[in-house]
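Q: everything below, folded, please.
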Amino acid sequence: LDYCGKLVKELSFKIKYYYLMEYNDLSIVIVTYQSESKIFDCLKSIPKNIPVFVIENSNNQEFKKKIQNDYKNASCILTGANKGYAVGNNIGLSQVKTNFALVLNPDAILDKNAIQNFSNFVNNNPDFWLLGPGNSQKENYNFPSSNILEVENLKGFGIFFNMKKFNKIFFDENFFLYFEEIDLCKNVKKKGGSIYLDRNIKIIHEGASSVSKNKFQELEKNRNWHWMWSTFYFHKKHKGFLISFILIFPKLLSSIIRSIFYQITQNKEKRDIYLSRLSGLFNSIIGKKSWYRPSLD
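A: As a prediction, the model looks like this:
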């Protein structure tokens, strides 16, 4: 009888813990920019009792009204301008009052068991810093039988944060696009923090689809500009200017040669892409901020 009593007590505690974890100790942050075609599928996949902070990188009042009318657990904050992934997530994470947070892309959908499996992970690994879903990497990792693996980096479309490990500093806001999550993970590792993948947690991600594709060329120019800017900035931050310049020089030379070639052959679209790459790299080398913004209005 004593054993049964202890078992019932332990089971009751676990049920209570999971309930609190699932509905009262996790918040979700979603940064959006012209993501109306994707965000609503994402929101539908989130349990209604989990607080959600949608950070919209514009001043779209209609978008905010629709979000907050349709989803009572969601708050929408308008930044007034396209401030990027890092700034948007920092704004959202600063609103979080729970012990855990999930940074989620608007084109990502939670598996029906994702939150419960996250609860299970926390119960067994309370000291983690960052956690990603097991399907967030293309590499064929050799997972142990526990399905949990410590890693160096995570993909940015779905990252769980142990908020107690961070002192209000999350993403480097110098990044506008690309390398933010790699930089975050590197900083965590420098502090001796742990980063995991859990194959039991699944988040479906379409990838590169959170913004309408009706302006493909502008999106390509934007991606290439910021990829080059962020590449050099990231390496300079962690390795110094000289080593970074040596690493990036082949890309610099390639961008110059290809820009000239496509100018001569009158291929305007490809010329503009490589001019964007060259501009992003040049601006990063001379220390200018990541200023380029796509024109998608």
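Q: tell me who's in contact with residue 51.
A: Contacts of residue 51 were listed using Cβ atoms under 8 Å, 6 or more residues apart in numbering, and they are 27, 28, 73, 74, 75, 98. Backbone N, C-alpha and C define where each C-beta goes, glycine included.
Q: just among these, which is most surrounded?
A: Counting neighbours by other Cβ atoms under 10 Å, residue 28 leads the contacts of residue 51 with 27 neighbours.
Q: wait, doesn't residue 79 sit right on residue 54?
A: No. The pair residue 79 / residue 54 is not scored as a contact, 11.0 Å apart, by Cβ atoms under 8 Å.
Q: who's more crowded, the two?
A: For residue 79 and residue 54, the more surrounded residue by other Cβ under 10 Å is residue 54, and the numbers stand at 26 against 17.
Q: got the phi and psi for that one?
A: Reported as degrees, to the nearest 10, the phi and psi values for residue 54 are phi -100, psi 120.
Q: report the next helix or strand after the helix or strand encompassing residue 55 in sequence order.
A: Under the criterion of DSSP states H and E, residue 55 resides in strand 52-56. Sequence-wise, the next helix or strand downstream of strand 52-56 (DSSP H and E) is helix 61-70.
Q: helices or strands up against that next one?
A: Counting contacts by 3 or more Cβ pairs under 8 Å, 6 or more residues apart in numbering; DSSP states H and E, helix 61-70 packs against helix 36-44, strand 52-56, strand 74-78.
Q: determine the angle, from 0 to 180 degrees, between that helix and strand 52-56.
A: For helix 61-70 against strand 52-56, the angle by axes from the mean of the first three to the mean of the last three Cα atoms, to 10 degrees is 170 degrees.
Q: buried residues in helix 61-70?
A: Going by neighbour count (16 or more other Cβ atoms under 10 Å), the buried part of helix 61-70 is 63, 64, 67.
Q: can you name the residues that contact the closest residue in space to residue 72 that isn't next to it in sequence?
A: Distances taken as Cβ to Cβ, 6 or more residues apart in numbering place residue 48 nearest to residue 72, at 7.4 Å, with adjacent residues excluded. By Cβ under 8 Å, 6+ apart, residue 48 lies in contact with 71, 72, 73.
Q: residue 162 now?
A: Taking Cβ under 8 Å, 6+ apart as the test, what residue 162 contacts is 99, 100, 127, 128, 129, 130, 131.
Q: one step back: show me what the strand holding residue 55 is packed against.
A: By 3+ Cβ pairs under 8 Å, 6+ apart, strand 52-56 packs against strand 26-32, helix 61-70, strand 74-78, helix 84-95.
Q: tell me which of these sits nearest to residue 111.
A: strand 26-32 (14.1 Å; Cβ to Cβ).
Q: adjacent strands (with direction) for that closest one?
A: strand 52-56 (parallel), strand 100-104 (parallel) (DSSP bridges).
Q: what separates the strand holding residue 55 from the chain centre, distance-wise?
A: How far strand 52-56 lies from its chain's middle: 13 Å, per Cα atoms, centre = their mean, to the nearest Å.
Q: let me see the mean pLDDT of that strand.
A: If you average the pLDDT over strand 52-56, you get 97.
Q: with just CA atoms, put that strand into PDB.
A: What follows is strand 52-56 as a C-alpha-only set of coordinates in PDB (Å, rounded to 0.1, in the frame of the first residue of the first chain):
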ATOM      1  CA  VAL A  52       2.700  33.600 -28.500                       C
ATOM      2  CA  PHE A  53       4.500  36.900 -29.400                       C
ATOM      3  CA  VAL A  54       4.300  37.700 -33.100                       C
ATOM      4  CA  ILE A  55       6.900  40.400 -34.000                       C
ATOM      5  CA  GLU A  56       5.800  41.900 -37.400                       C
END
